[in-house]
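**Student:** okay, structure incoming, though there's no sequence with it:
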């Protein structure tokens, strides 16, 4: 049930491939071993209106919001967050070194008593893996 929202300033599209960045973040999240692939959803949210630092037009921001269910200890959350953060940071450094960038990641725990879900992806992915899916 992890949700990852990659919020970014519109001008970041001039510097990097956002779809590729989202893919890197998604793969990093799954590779932690702490976030179930069938429940992980990663998406981008472009922001057209923003003010960053001194408002220089070259400044960009990227904020990663990782929302996960309760129950993981601080060390586990920290390891997962660091792996995702490092993947985003490495991608940005490689694709656009020297970019005036504000990069952040925050982890939010979702309370199970007030979270409602419907998800058949676990079964479908298992069937695909076994070769029994249509």
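**Tutor:** In hand now; what should we look at? Since the model is a prediction, treat every value here as computed from it, not as a measurement.

**Student:** for the longest helix along the chain, which outside residues touch it?
**Tutor:** Taking DSSP state H as the criterion, the chain has its longest helix at helix 74-95. Contacts to helix 74-95, defined as Cβ atoms under 8 Å, 6 or more residues apart in numbering, come from residues 4, 6, 15-17, 20-21, 24-25, 27-29, 31-32, 34-35, 62, 64, 66, 68, 72, 99, 101, 103, 105, 107. (Glycine included, C-beta is placed from N, CA and C.)

**Student:** next structured bit after it?
**Tutor:** strand 101-110 (DSSP states H and E).

**Student:** angle of that next one against helix 74-95?
**Tutor:** 150 degrees (axes from the mean of the first three to the mean of the last three Cα atoms, to 10 degrees).

**Student:** contacts for strand 101-110, please.
**Tutor:** So strand 101-110 is contacted by 1, 52-53, 59-70, 77, 80-81, 84-85, 88-89, 92 (Cβ under 8 Å, 6+ apart).

**Student:** quick one, which of the residues you listed are buried?
**Tutor:** 1, 52, 59-64, 66-69, 80-81, 84-85, 88, 92 (16 or more other Cβ atoms under 10 Å).

**Student:** how near is residue 34 to residue 86?
**Tutor:** Distance from residue 34 to residue 86, counting by Cβ to Cβ, to the nearest Å: 15 Å.

**Student:** sounds good, over and out.
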